[in-house]
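J.: whatever this is, show me its structure:
(one chain, ligands or ions: 1)
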Amino acid sequence: MAQVLVVFLVFLALMLKNPQVAMGIYRAVRLWLPLDDAYRQALARYNTFYQRLPPASKKRFERKVKEFILHKKFIPRKIPRVTKEMKAMIASAAVQLTFGLPDVTLLHFDKILVYPDSYYSVINKQYHKGEVNPRLKAIVVSWKAFVEGFARPHDGINLGLHEMAHALKLENIIRNGEHHFFNLDEYKKWLQLAKEEMAKINRGEASIFRSYAGVDEDEFFAVCMELYFEQPHQLYDYNEALYKTLSNLLHQDTIRLFGPAPQATRTPPAAGQG
Ligand SMILES: [Zn+2]
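T.: Below is the predicted model:
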């Protein structure tokens, strides 16, 4: 019945010879329909953040996932197609990060490129697992690395969250009507704490952050987000002020969502580059 309604409305708009109106109606009706089961099953199976949400918040999460999927172009690279499961999981990384920022959709980035594994970048002549390119309005991920991030949800390494964090930080400064969503005072606090922690990392002192976080403020921000969602209790114990600025920037509190940490999850800080 719903499909018939969609076809009818789109047909009507086409009759009026206005493809933009047709597309607008198509998206609005699609958004109104419940999330396809294939997408929801992927979220329920693999996204630990989604799994812990109360039912009403799950519905809001699903709506944001659907909105993301409808508004981004998913482009397969060296793979036949981007499956529903892939789309659901990639969207879920963005939605998890922006869940407390209801109006933020990473608007600037309209393309998601998916490679099967690490890919060679002709720009800087290196192999990459992911990148964000504001000029091309693209977010690029290696599916292998992306899956590893969600398969080990508590090791503090998550490529999907890392790349979406880069996109989020850029989105905050790209003037497109979806910018300046970070509270400026909180952002300044974060920046000060980031500088202190990066200096520590670069002096080779013990830190919960892997050394890659010391490269620059953008990488530090991206690694912050990986820890904020994958090792929130350890991050809080390590640097409470930093945890709180991240929580205030994102308008959400992972510890409150996840509940008290079982001792088993208090693993040593992850090492290595990402
Ligand atoms: Zn990065």
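J.: what domains does the record give for this structure?
T.: What the record gives for the chain is the domain set 34-171, 184-265, from automatic domain parsing.
J.: how many neighbours does His233 have?
T.: His233 has 18 neighbours, counted by other Cβ atoms under 10 Å. Where C-beta positions appear, they are placed from N, C-alpha and C, glycine not excepted.
J.: may I see the domains of the chain arranged in TSV, with distance to the ion and mean pLDDT as well?
T.: Output for the domains of the chain, formatted as TSV (distance: least, Cβ to the ion, whole Å; pLDDT from 0 to 100):
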stretch	distance to the ion	mean pLDDT
domain 34-171	6	96
domain 184-265	5	95
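J.: assign a three-state SS to Leu113, would you?
T.: Following DSSP: H, G, I helix; E, B strand; the rest coil, Leu113 is assigned to strand.
J.: quick check: chain neighbours aside, which residue is closest to Arg52?
T.: Using Cβ to Cβ, 6 or more residues apart in numbering and skipping the chain neighbours, the partner closest in space to Arg52 is Leu257 (5.6 Å).
J.: do the same with His233
T.: Closest to His233 by Cβ to Cβ, 6+ apart is Ala261, at 3.6 Å.
J.: cool, Lys169 as well?
T.: Here the residue nearest Lys169, using Cβ to Cβ, 6+ apart, is Phe221, at 5.2 Å.
J.: about what we covered before: and the residue nearest to Arg52, what element?
T.: Take DSSP states H and E as the rule and Leu257 turns out to sit in helix 254-258.
J.: state the distance from Leu161 to Leu9.
T.: When distance is defined by Cβ to Cβ, to the nearest Å, Leu161 is 37 Å away from Leu9.
J.: neighbour count for these two, which is higher?
T.: When neighbours are counted by other Cβ under 10 Å, Leu161 and Leu9 differ, and Leu161 comes out ahead with 27 against 17.
J.: how far does the host helix or strand of that one sit from its chain's centre?
T.: Using DSSP H and E, Leu161 maps to helix 159-171. In terms of Cα atoms, centre = their mean, to the nearest Å, the centre of helix 159-171 is set 6 Å apart from its chain centre.
J.: repeat for stretch 66-76
T.: On Cα atoms, centre = their mean, the centre of stretch 66-76 falls 13 Å from the chain's centre.
J.: buried set for it?
T.: Using 16 or more other Cβ atoms under 10 Å as the test for burial, stretch 66-76 gives Lys66, Glu67, Phe68, Ile69, Lys72, Phe74, Pro76.
J.: ok, the second one touching Arg30?
T.: No. Contact status for Glu67 versus Arg30: not in contact, 9.5 Å apart, counting by Cβ atoms under 8 Å.
J.: residues in contact with the residue lying closest to Lys189 once chain neighbours are set aside?
T.: Leaving aside its sequence neighbours, Lys189 sits nearest to Thr245 (Cβ to Cβ, 6+ apart; 4.8 Å). By Cβ atoms under 8 Å, 6 or more residues apart in numbering, Thr245 lies in contact with Glu186, Lys189, Trp190, Leu193.
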